[in-house]
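Chemist: Structure here, sequence nowhere to be found:
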């Protein structure tokens, strides 16, 4: 490309925007080995970026200037699958030869494998050579450490400047109506003693729906990694169940946001004590999808547990954060999980600015005043997602408190009304949205309805 090319004459910022658009050209379907959302483009995988995007690759070869513009885009976000260890070896070999490219990585997304694929002898030899070079401690008995575990450790050592790390549990199908326990991921426990991910701000582990809680080895590995992240601000612990105790005793001075699933109130209380700056908490109660009708069935629970409800017990464990917690989102499945006691506890969080109540079942609170009167005075945003909630009455009572000056900082009301069937949704949804919007006219409140699919595909409304 000549120096007088129009592309080179425009500012670098515009060149970056043009090159970023090329990432969407020729993208292939998402890797079936990963269980990420179908909306996630394939260009977020390292292998597809280099192999299936000739537009960017060809542009990088035209001149040194454009190569410098394109290269950060190729490596800023990487996803690798442990089901393809050969691809991981290619990436490790590349970063070993070109460490400057490794410094460009800001997001690392590791998809766990559903099995233990082996490496050819030549690739395994190179992997152990890198292990020794990076100071990873495997001990004298290398046979007890699987190469898949070492792949994760080597990648972590190479991309020390990442700001976001995602580790995904593999999706494993059940056989003969019995759940299959995924092979436990094992990483971070053999890293060099002085190794620190000083720039890492977000750490998240993801499990596919219906999966059993993460293994003990994975939980212990996550705890070992958390201790090496002094700048961590967001922790998503995935389906940790009751194995989160290994993280409870970690010190996370910068932690501001916590997202956990299937966690006991005792463990949640311990996590809340890890940081004095925690501002945002999201916890999902009763989300063990393999047997939801048994997990919180009233017959299987003691009377006092039914009266308190799992959400109330979890909120009680967060009471030390009443003066600092600003954002709270709660998701639950069963009708008995959320009750008046839970709302009483919500009202005690004086600094709360946003509240999200997401119910996959029927709305549990009959009288809207029970909810509206419990909202903290400084609340700014309320989000409700439920099956057929009394949204009309909730909006009327909420707008009344706003007009009376009882909620002076309120800005946003968002709701998702899950209809019973498409017949009701087709005939009543637009009318309901108009009626709800009328209540907030002149208040300055942003009222947004997000439409959801009905529970059934029944067209007749029967």
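Modeler: Arrived safely. Keep in mind that what you see is a predicted model, and the values were worked out from it rather than measured. Residues are numbered from 1 along each chain as shown.
Chemist: alpha carbons only for contacts and neighbour counts from here, please
Modeler: Noted.
Chemist: which helices and strands does the strand or helix carrying residue 268 pack with?
Modeler: Element membership for residue 268 (DSSP states H and E) is helix 265-272. In terms of contacts (3 or more Cα pairs under 8 Å, 6 or more residues apart in numbering; DSSP states H and E), helix 265-272 is packed against helix 245-248, helix 310-317.
Chemist: The same query, at a cut-off of 6 Å, please.
Modeler: helix 310-317 (3 or more Cα pairs under 6 Å, 6 or more residues apart in numbering; DSSP states H and E).
Chemist: Looking at the helix it packs on now, give me its mean pLDDT.
Modeler: Averaging pLDDT along helix 310-317 yields 79.
Chemist: which helix in the chain runs the most residues?
Modeler: helix 422-439 (DSSP state H).
Chemist: sorry, back to before: the helix holding residue 268 - what's its average pLDDT?
Modeler: 74.
Chemist: Ok, stretch 118-131 next?
Modeler: 89.
Chemist: For that stretch, what is the distance to the chain centroid?
Modeler: 32 Å (Cα atoms, centre = their mean, to the nearest Å).
Chemist: Check which residues of it are buried.
Modeler: 119, 123, 127-128, 130-131 (16 or more other Cα atoms under 10 Å).
Chemist: likewise stretch 96-109?
Modeler: In stretch 96-109, counting by 16+ other Cα under 10 Å, buried: 101-109.
Chemist: sorry, back to before: for the longest helix of the chain, what is the distance to the chain centroid?
Modeler: 32 Å.
Chemist: go on, stretch 78-85?
Modeler: With Cα atoms, centre = their mean, you get 19 Å for stretch 78-85.
Chemist: and the buried residues of stretch 118-131 as a markdown table, adding distance to residue 387 and secondary structure?
Modeler: Output for the buried residues of stretch 118-131, formatted as a markdown table (distance: Cα to Cα, whole Å; DSSP: H, G, I helix; E, B strand; the rest coil):
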| residue | distance to residue 387 | secondary structure |
| --- | --- | --- |
| 119 | 50 | coil |
| 123 | 53 | helix |
| 127 | 52 | helix |
| 128 | 54 | helix |
| 130 | 54 | helix |
| 131 | 53 | helix |
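Chemist: from these, which is closest to residue 349?
Modeler: Closest approach between these and residue 349, by Cα to Cα: residue 131, at 48.3 Å.
Chemist: For the closest residue to that closest one other than its chain neighbours, identify the helix or strand it belongs to.
Modeler: Distance criterion Cα to Cα, 6 or more residues apart in numbering; nearest residue to residue 131, sequence neighbours excluded, is residue 154 at 6.5 Å. Mapping residue 154 onto the secondary structure by DSSP H and E places it in helix 147-158.
Chemist: Any chance you could list what contacts that helix?
Modeler: Defining contact as Cα atoms under 6 Å, 6 or more residues apart in numbering, one finds that helix 147-158 is touched by 186-188.
Chemist: among these, who's most crowded?
Modeler: Highest neighbour count within the contacts of helix 147-158, by other Cα atoms under 10 Å: residue 188, with 25 neighbours.
Chemist: Distance of that residue relative to residue 195?
Modeler: 10 Å (Cα to Cα, to the nearest Å).
Chemist: next helix or strand past the helix holding residue 268?
Modeler: strand 280-284.
Chemist: Mind listing the strands the longest strand anywhere in the chain pairs with, and their directions?
Modeler: Of all segments of type strand in the chain, defined using DSSP state E, the longest is strand 354-362. Each strand paired with strand 354-362, and its direction, by DSSP bridges: strand 327-332 (parallel), strand 381-387 (parallel).
Chemist: could those strands go into CSV alongside mean pLDDT?
Modeler: Output for the strands paired with strand 354-362, formatted as CSV (pLDDT from 0 to 100):
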stretch, mean pLDDT
strand 327-332, 86
strand 381-387, 89
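Chemist: mind putting the ones you listed in CSV, mean neighbour count and distance to residue 230 included?
Modeler: Shown next, in CSV, are the strands paired with strand 354-362 (neighbours: other Cα atoms under 10 Å; distance: least, Cα to Cα, whole Å):
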stretch, mean neighbour count, distance to residue 230
strand 327-332, 20, 23
strand 381-387, 20, 31
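Chemist: Export those to TSV and append columns for distance to residue 318.
Modeler: As requested, the strands paired with strand 354-362 are exported to TSV (distance: least, Cα to Cα, whole Å):
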stretch	distance to residue 318
strand 327-332	10
strand 381-387	19
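Chemist: Tell me which of those strands sits nearest to residue 321.
Modeler: Taking these one by one with Cα to Cα, strand 327-332 is closest: 11.0 Å.
Chemist: Got the domain ranges for the chain?
Modeler: 1-75, 76-194+208-225 (automatic domain parsing).
Chemist: Lovely, talk soon.
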